[in-house]
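> Model the structure of this input:
(chains A, B, C, D, E and F)
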There are 4 protein chains.
Amino acid sequence: MPKVSAAHRDSRRRQILDAAIECFARKGFQRTSMEDIIRESKLSAGAIYLYFHSKNEIIETLADARHQREKRLIAESFAGAGWTESLRALFTTFRDALVEPAEKKERRLGIHLWAEALCNPKVLRLIRRGINQPLESLSREIAKAQADGRLQKTVDPDAAARLLIALFHGFILQQAWDDRADVRAFANAAHAMAEAYFSAAPRSRRAPVRELQA
Amino acid sequence: MPKVSAAHRDSRRRQILDAAIECFARKGFQRTSMEDIIRESKLSAGAIYLYFHSKNEIIETLADARHQREKRLIAESFAGAGWTESLRALFTTFRDALVEPAEKKERRLGIHLWAEALCNPKVLRLIRRGINQPLESLSREIAKAQADGRLQKTVDPDAAARLLIALFHGFILQQAWDDRADVRAFANAAHAMAEAYFSAAPRSRRAPVRELQA
Amino acid sequence: MPKVSAAHRDSRRRQILDAAIECFARKGFQRTSMEDIIRESKLSAGAIYLYFHSKNEIIETLADARHQREKRLIAESFAGAGWTESLRALFTTFRDALVEPAEKKERRLGIHLWAEALCNPKVLRLIRRGINQPLESLSREIAKAQADGRLQKTVDPDAAARLLIALFHGFILQQAWDDRADVRAFANAAHAMAEAYFSAAPRSRRAPVRELQA
Amino acid sequence: MPKVSAAHRDSRRRQILDAAIECFARKGFQRTSMEDIIRESKLSAGAIYLYFHSKNEIIETLADARHQREKRLIAESFAGAGWTESLRALFTTFRDALVEPAEKKERRLGIHLWAEALCNPKVLRLIRRGINQPLESLSREIAKAQADGRLQKTVDPDAAARLLIALFHGFILQQAWDDRADVRAFANAAHAMAEAYFSAAPRSRRAPVRELQA
DNA sequence: AATGAATGAGGCTTCATTCAT
DNA sequence: TATGAATGAAGCCTCATTCAT
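Residues are numbered from 1 along each chain as shown, chains lettered A, B, ... in the order given. All right, here's what the predicted structure looks like:
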């Protein structure tokens, strides 16, 4: 029987993770020292190691949390009705996340994780999961919509799913580098582009788009 | 300053930068020690500091080189003829860069720079230049094409330029995380999507795409 | 102080000491953390500090226990009859202690204490007592046997006592480093050597053993 | 071609090892911090790690040096003439090493190594080598002397070799615990005992020494 | 120009012990 | 009595940079 509640334990972990997010978002993983996190969390060195085994474990915990969140956001967008509505919901969700100044830290953290994944196998695994599951579910939705005749069939579901994710990630970078980037304009344009692509009249009626030459 | 000396100087700098790229791509900036670069370059610690004042200066030099390169790639795509051809050239260039295994290191380095920019003001400045100039030139080309009537006018040139860059950056991430991502399929799909968006028949003739609701 | 409480207190102390022996024998004093002892004893940190003031006190308690035990073993060997029988009993006791696998932990602990004594004054004092008392009682027995004419007089009682102890300690090391060392063979040989030494016909009848030259 | 000579390198290593011996002899391995060694050696932290990869490597280097030395000492004792002289040489060598105050540090270090071996596999390996080679060479000499008829045959060469080593190790402990222990008296007595054992008139002529009973 | 030994601050983590409950 | 979370000093090691040669 725990002396302090599980709630207390969770709150301490939260306290540490919040401090870590603050520091990591500001300075990246390697430039942030445990000392920084200790100061920010107002805990002692020892206390932090009571809740996490290492700095790396903190990073991995945050990576995992982001993965869970991304998965949820995409799943929710597709919870509702038809393809057109889902696509709209997806872009709306995405836009709302990006205009929210409170999440700026998380977005910066996310970018640090993208780079971290290149040299940290555990983070890479989490990032892959965080991207593959959304890719697969997007891809599945696209294929489903095609099967139902609501979407033109020339679209490659996997590539199209990657397009959507790439748009999101790509803009997150632009926004991180320059706060003045216009999220709404981007989201509208991106949505319009996706709409144009997905629901374009069958190419056959128009001049066909030639594939890029090898 | 005799000519031989300048050539020698450049070759030494190249030697150091190549070693740095190798190391940074593999381990990121903070995980790479000067010792790593020294070993990889087969030079001595002292020699390296003869050509660069600090590790940071090496990073900044690399950041600048990437910026120059991106600017050039985009400029070249638009060197030629009309809008449609330019768009095609852009995607072809992009695709060719991504299938090239020899550039894998540079692509990884680029991602590290994206994150580095978040906590290194000098790198941020270089990244901004590296993105703003392409953004502006793309934007200018779009506006020009609209003015010439070759492009529908509903497109916001700035947002559209950002879309294109976002697609590129976004996919570079996906490829870095998973080598098996299909570059050609993505490039084709991205091109088709851009085509659909830019050269769509004026919306007025079709059901209008409603803006995302606030 | 009620009897129940004292019994309980002793049992708790035993529990802690047993855990400590286990850990110390395995990892030595400095490598064993209080955390290790806590885990092994299945008690809490606080509980342990209720029974011992510090890690050092645990070590000293164990050192003292060993001292008591050594003293007792030697005393018992000499409880009985004459010199020859006592010597035999001494080696038998010693051999029996070393073949006993159950005492392996204690033997290892003992070695750690020997080294610990070099930098821990309290342990040194206990070790000294643990060795001086046996030395003195052995020495006294030898002198007594000489006085009774049962032992040749050329033997220096103090040095001879040290010889015996040295044999024991020396072999304990060899066994600790290599389990395969043959205890019985060693004990037999050691006994034979001691016999040869102590009960040798007076040197005067034979070629005298010259002292080692300075 | 090295910038500084191999001699310089060796002298630096010596400087570090001497400091380490000083500290380790005084406080043991675990109580000695790298900080201690740094201070004692008058070098910087970084400098030390230029010559040794870790604190452990320093310990192992010292363990190896002792092993080499012990092997040499024993070999030298048996370099000369017959068995009796060799035995005498062995005890003389041993005694001379123990009376030398300059080697007190090394003797203490040796004891710390004996305990360290119990929890440090690399040190254990070195200690084993440091003891097995002497054991084997002693054992070989004994067997040889027996074959030549210079030694009675009832002696078990391996056990007898262990006896000798045990005497040495055992007394080193006693001396470390109490400086006043009389080395010369011990060495003389030990030598006399060994003599009595090895060159005793065949047992058959006297009352046989019964083996210790099981 | 070139070398590489040297510096010493600072990074991550552990640990004996305490104390509020 | 008993718990175990909390403390914070101290331990081992790395690293960007300098400088005598």
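> hey, let's count contacts and neighbours off CA atoms from now on
Noted.
> Tell me which residue is most central in chain A.
Centroid-nearest residue in chain A: A:Glu70, 4.6 Å away (criterion: CA atoms, centre = their mean).
> That one - nearest residue in space that isn't next to it in sequence?
A:Gly130 (6.7 Å; CA to CA, 6 or more residues apart in numbering or on different chains).
> Name the helix or strand for that neighbour, please.
Element membership of A:Gly130, judged by DSSP states H and E, is helix A:121-147.
> what's downstream of that helix, the next helix or strand?
With DSSP H and E, the next secondary element past helix A:121-147 is helix A:157-177.
> Could you give the average pLDDT over that next one?
Confidence for helix A:157-177, expressed as mean pLDDT, is 96.
> returning to that earlier point: can you pull the contacts of the residue nearest to A:Glu70?
A:Asp64, A:Arg66, A:His67, A:Gln68, A:Glu70, A:Lys71 (CA atoms under 8 Å, 6 or more residues apart in numbering or on different chains).
> cool, A:Ile38 as well?
A:Ile38 touches A:Ala19, A:Ser44, A:Ala45, A:Ile48, counting by CA under 8 Å, 6+ apart.
> Which of the three states applies to it?
helix (DSSP: H, G, I helix; E, B strand; the rest coil).
> circling back: show me what secondary structure element comes after the strand or helix carrying the residue nearest to the centre of chain A.
Using DSSP H and E, the element containing A:Glu70 is helix A:55-77. Using DSSP H and E, the helix or strand that follows helix A:55-77 in sequence is helix A:83-99.
> That following helix: which residues count as buried?
For helix A:83-99, the neighbour count (16 or more other CA atoms under 10 Å in any protein chain shown) marks A:83, A:86-95, A:97-98 as buried.
> how about that helix as CSV, C-alpha atoms only?
Output of helix A:83-99 as CSV, limited to C-alpha atoms (Å, rounded to 0.1, in the frame of the first residue of the first chain):
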residue,chain,number,x,y,z
TRP,A,83,-14.6,11.8,-46.5
THR,A,84,-15.1,15.5,-47.3
GLU,A,85,-16.1,16.3,-43.7
SER,A,86,-13.2,14.3,-42.3
LEU,A,87,-10.7,16.1,-44.5
ARG,A,88,-12.1,19.4,-43.3
ALA,A,89,-12.0,18.2,-39.7
LEU,A,90,-8.4,17.1,-40.1
PHE,A,91,-7.3,20.5,-41.3
THR,A,92,-9.4,22.3,-38.7
THR,A,93,-7.9,20.3,-36.0
PHE,A,94,-4.4,20.8,-37.3
ARG,A,95,-5.0,24.6,-37.7
ASP,A,96,-6.4,24.9,-34.2
ALA,A,97,-3.4,23.1,-32.7
LEU,A,98,-1.1,25.5,-34.5
VAL,A,99,-2.8,28.8,-33.6
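> List of residues touching that helix?
So helix A:83-99 is in contact with A:73-74, A:77-80, A:103-104, A:141-142, A:145, A:150, A:168, A:172, A:183-184, A:187, A:190-191, A:195, B:212-213, going by CA under 8 Å, 6+ apart.
> now, which of these lie close to chain D?
Among those, no residue lies close to chain D (CA under 8 Å from any CA of the partner chain).
> Separate out the buried members of those.
A:73-74, A:77-78, A:104, A:141-142, A:145, A:168, A:172, A:183-184, A:187, A:190-191, A:195, B:212.
> Which residues of chain A lie near DNA strand E?
Taking CA under 7 Å from any atom of the strand as the measure of proximity, chain A contacts DNA strand E at A:30, A:32-35, A:45-47, A:49, A:53-56.
> go with 6 Å
Within chain A, the residues that sit near DNA strand E (CA under 6 Å from any atom of the strand) are A:Thr32, A:Ser33, A:Met34, A:Glu35, A:Ala45, A:Gly46, A:Tyr49, A:Ser54, A:Lys55.
> separation between the third one and chain C?
The span separating A:Met34 from chain C equals 23 Å under the rule CA to the nearest CA, to the nearest Å.
> I'd assumed A:Lys55 was in contact with that residue.
Yes - proximity of A:Met34 to A:Lys55 meets the contact threshold set by CA atoms under 8 Å, at 7.0 Å.
> since we're on the closest residue to DNA strand F within chain A, how many residues are nearby?
Nearest residue of chain A to DNA strand F (CA to the nearest atom of the strand) works out as A:Gly46 at 2.9 Å. Residue crowding around A:Gly46 was assessed by other CA atoms under 10 Å in any protein chain shown; the count is 9.
> Does chain C have contacts with the strand or helix carrying it?
Assessed by DSSP H and E, A:Gly46 sits inside helix A:45-51. No - judged by CA under 8 Å from any CA, helix A:45-51 and chain C are separated, with a smallest distance of 12.6 Å.
> Against which helices or strands is that helix packed?
helix A:6-31, helix A:34-41 (3 or more CA pairs under 8 Å, 6 or more residues apart in numbering or on different chains; DSSP states H and E).
> will you turn those helices into JSON lines that also has mean pLDDT?
Shown next, in JSON lines, are the helices and strands packed on helix A:45-51 (pLDDT from 0 to 100):
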{"stretch": "helix A:6-31", "mean pLDDT": "96"}
{"stretch": "helix A:34-41", "mean pLDDT": "98"}
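> Same list (those) but as JSON lines, adding distance to B:Trp114.
JSON lines is the format used below for the helices and strands packed on helix A:45-51 (distance: least, CA to CA, whole Å):
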{"stretch": "helix A:6-31", "distance to B:Trp114": "11"}
{"stretch": "helix A:34-41", "distance to B:Trp114": "23"}
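> ok so, going back, got the CA coordinates for the helix holding A:Glu70 in CSV?
Extracted in CSV, the C-alpha atoms of helix A:55-77 (Å, rounded to 0.1, in the frame of the first residue of the first chain):
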residue,chain,number,x,y,z
LYS,A,55,17.5,12.0,-18.8
ASN,A,56,16.9,9.8,-21.7
GLU,A,57,13.9,8.2,-20.1
ILE,A,58,12.4,11.7,-19.7
ILE,A,59,13.0,12.4,-23.4
GLU,A,60,11.4,9.0,-24.4
THR,A,61,8.4,9.6,-22.1
LEU,A,62,7.8,12.9,-23.9
ALA,A,63,8.3,11.3,-27.3
ASP,A,64,5.8,8.7,-26.4
ALA,A,65,3.3,11.3,-25.2
ARG,A,66,3.5,13.1,-28.5
HIS,A,67,3.0,10.0,-30.4
GLN,A,68,-0.2,9.2,-28.4
ARG,A,69,-1.5,12.7,-29.0
GLU,A,70,-0.9,12.7,-32.8
LYS,A,71,-2.6,9.4,-33.1
ARG,A,72,-5.6,10.6,-31.1
LEU,A,73,-5.9,13.8,-33.1
ILE,A,74,-6.1,12.0,-36.4
ALA,A,75,-8.4,9.3,-35.1
GLU,A,76,-10.8,12.0,-33.9
SER,A,77,-10.9,13.8,-37.2
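> how far off helix A:83-99 does it point, in degrees?
140 degrees (axes from the mean of the first three to the mean of the last three CA atoms, to 10 degrees).
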